[in-house]
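Peer 1: got a predicted model here, sequence first, then my questions.
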Amino acid sequence: MDVFKVETDAKGIFLERINRFVGLVNITSPRKIGEVKVHIHDSGRLGELLFHGNEVLLKRAAASEKRKTEWDLIASKFENQWVLTNSGLHRRIAESIFSKGIPFGPLAEMKPEVKINESRLDFLLKTQNGESIWVETKGCTLTEKGVALFPDAPTSRGRKHVEELINLAREGKRTAIVFLVMRKDSRCFMPNTRTDPEFGRVFFEAVRKGVEVYPLLFEFSPPVLKYLRTIPVCNQA
């Protein structure tokens, strides 16, 4: 199912990650531009995607005095597939998939960026029968031997969001974590306990407390992002 379209303006070769949010890319097509700095809208390590010599897709950014780069990195090549690596698109992707009834069925209302206690969760959804669902979404680009893993770098912020969902679940509210899995070769999902043991701990606590988990699998065939299916948590596969 087609759920989102991401137009790109150039293809290039990734050279190096200068810092967390800036990389250096040699643009090779549709015309040779040479080395440019690009914005990396993902704080993960992305070591298997952003390495010297790898192919990447870019989009020219709208002009802004606040920007230090003219290009956004959109996707990176992994073997025979393009992997969407721009987390700035996650909210719109989630809105698109939710509006199509996945994974919660038809909705009556969708509120993004909802403040709750000391946190801000991604969505408060209302089903057509009036039920509220508190939802946090996370992007997942790392897969090893068919297992999608999140996070690929320690995330205290992500852990805090899951803890907030646990608190809401204890109050009897319906809650869910939706993982946007961008590697089409993923067969199941697991928290990356090797990289962030604390996230793994709160993830499994969330499952025990009734927080729903939906790893949604996507494929990026530029410019179209396709929803493939929902994959299970690995120990439930």
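Peer 2: That came through fine.
Peer 1: so Lys115 bridges to which residues?
Peer 2: In this entry, Lys115 is beta-bridged to Arg120, by DSSP bridges.
Peer 1: which residue ranges of the protein form helices?
Peer 2: Ranges of helices in the chain, per DSSP state H, are 90-99, 156-170, 197-208.
Peer 1: name the nearest residue to His39, sequence neighbours excluded.
Peer 2: With sequence-adjacent residues excluded and distances taken as CB to CB, 6 or more residues apart in numbering, His39 is closest to Thr69, at 4.6 Å. The C-beta positions use only the backbone N, C-alpha and C, and glycine is treated the same way.
Peer 1: which phi and psi does the one you found have?
Peer 2: phi -130, psi 150 (degrees, to the nearest 10).
Peer 1: okay, now it: neighbour count?
Peer 2: By other CB atoms under 10 Å, 15 other residues sit near Thr69.
Peer 1: got the contact list for the residue nearest the centre of the chain?
Peer 2: The centroid of the chain falls nearest to Gly139 when counting by CA atoms, centre = their mean (1.7 Å). By CB atoms under 8 Å, 6 or more residues apart in numbering, Gly139 lies in contact with 42, 87, 90, 150, 179-180, 182.
Peer 1: who does it bridge with?
Peer 2: Beta-bridge partners for Gly139, by DSSP bridges, are Leu180.
Peer 1: ok, and the most crowded of the contacts of Gly139?
Peer 2: Met182 (31 neighbours).
Peer 1: surely that residue touches Phe220?
Peer 2: Yes - the criterion here is CB atoms under 8 Å, and Met182 meets it with Phe220 at 6.8 Å.
Peer 1: so where's the protein uncertain?
Peer 2: Residues of the chain meeting the criterion pLDDT under 70: 65, 236-237.
Peer 1: chain center to stretch 99-108, what's the gap?
Peer 2: Once both centres are worked out by CA atoms, centre = their mean, to the nearest Å, stretch 99-108 turns out to sit 19 Å from its chain's centre.
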